[in-house]
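**Q** Need coordinates for the following:
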Amino acid sequence: MSTITIIGIFIVALLAGLEGILDEFQFHQPIVACTLIGIVSGDPMPCIILGGTLQMIALGWANIGAAVAPDAALASVASAIILIQSGQGAAGISTSIAIAIPLAVAGLFLTMVVRTLSVPIVHRMDAAAEKGNMGAMDAWQIIALAMQGIRIAIPAVALCFIPSEVVQSTLQSIPAWLTDGMAIGGGMVVAVGYAMVINMIATAEVWPFFIIGFCVAALSNLTLISLGAIAMAMVMIYLRLTSGNNGGGNGGNSGGNGADPLGKILDDY
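**A** The predicted structure is shown next:
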């Protein structure tokens, strides 16, 4: 890889690590991180497909209490770099997905190490707060955040210096039963993540739309833009019908909320 490419990967990896904590601009999401790695590497299409697949897997990852979810940032950045280094293009996506799962677990370990090292920083910030030293508090805050970014950037840059021939020979030496099994397992995780999302948003009101959308999506002649347009039209029809029932057909909210529980919640609020 060229120096410019490595610098771009470093910046993307740093932002992905930071966003894993800040969670503001979503650079750590697989679809974003893989796409950016593909853009700076000059081969965005396979990375976009990889990012979309990993995004479906990451839908089932969530922090629950003290249990921290696997690290999507390291999994996305490292698997995208490995995909680029392998030179297989779209054919190497399944292998990259299989590698992403253990990378996510490794990223979780790095996150625990960084958070443990951040504990003394918190005490130093408390000491600076007692003295009213705002500059020191800001400096320690930046240092703690930089540690989260570096934990992704350093492994990413290290992968860039591995010769592509080594990566290709290593991937080719992996037994087919292992890569196929990991690919099947990754596909199952995708289904579980999607099922968890459906379980969270499923209500009696949205199930008919899900069924209609599932059937319409099976039509191969429809593009994503047309599917999105149909979905927007159905939303507008639904909102128009519910507002008409609530406001006597004049689009207002003055009447009752009928059988729409969401409208009842909004009215109560």
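**Q** pLDDT below threshold where in the stretch 51-200 of the chain?
**A** 60, 62-68, 182-183, 185-187, 189-190, 192-194, 197 (pLDDT under 70).
**Q** So which residues of it form helices?
**A** Per DSSP state H, counting those that start in this stretch, the stretch 51-200 of the chain has helices spanning 72-86, 93-130, 134-160, 164-173, 176-201. These are given in chain order.
**Q** So what's the residue count around Gly213?
**A** The criterion is other CB atoms under 10 Å. On that basis, Gly213 has 15 neighbouring residues. Glycine gets a C-beta too; all of them are placed from N, C-alpha and C.
**Q** Please apply the same query to the one 4 residues further on.
**A** Ala217 is flanked by 12 other residues according to other CB under 10 Å.
**Q** which residues does it contact?
**A** Contact criterion CB atoms under 8 Å, 6 or more residues apart in numbering gives Leu227 as the residues in contact with Ala217.
**Q** roughly how far apart are the residue lying closest to Ala75 once chain neighbours are set aside and Ile81?
**A** The spatially closest residue to Ala75, leaving aside those adjacent along the chain, is Ala104, at 3.9 Å (CB to CB, 6 or more residues apart in numbering). With distances taken as CB to CB, to the nearest Å, Ala104 is found 15 Å from Ile81.
**Q** For those two, indicate the residue with more neighbours.
**A** Shown here are Ala104 and Ile81; by other CB under 10 Å, Ile81 has more neighbours (27 against 24).
**Q** if I read this right, that one contacts Ile9, doesn't it?
**A** Yes. The criterion here is CB atoms under 8 Å, and Ile81 meets it with Ile9 at 6.7 Å.
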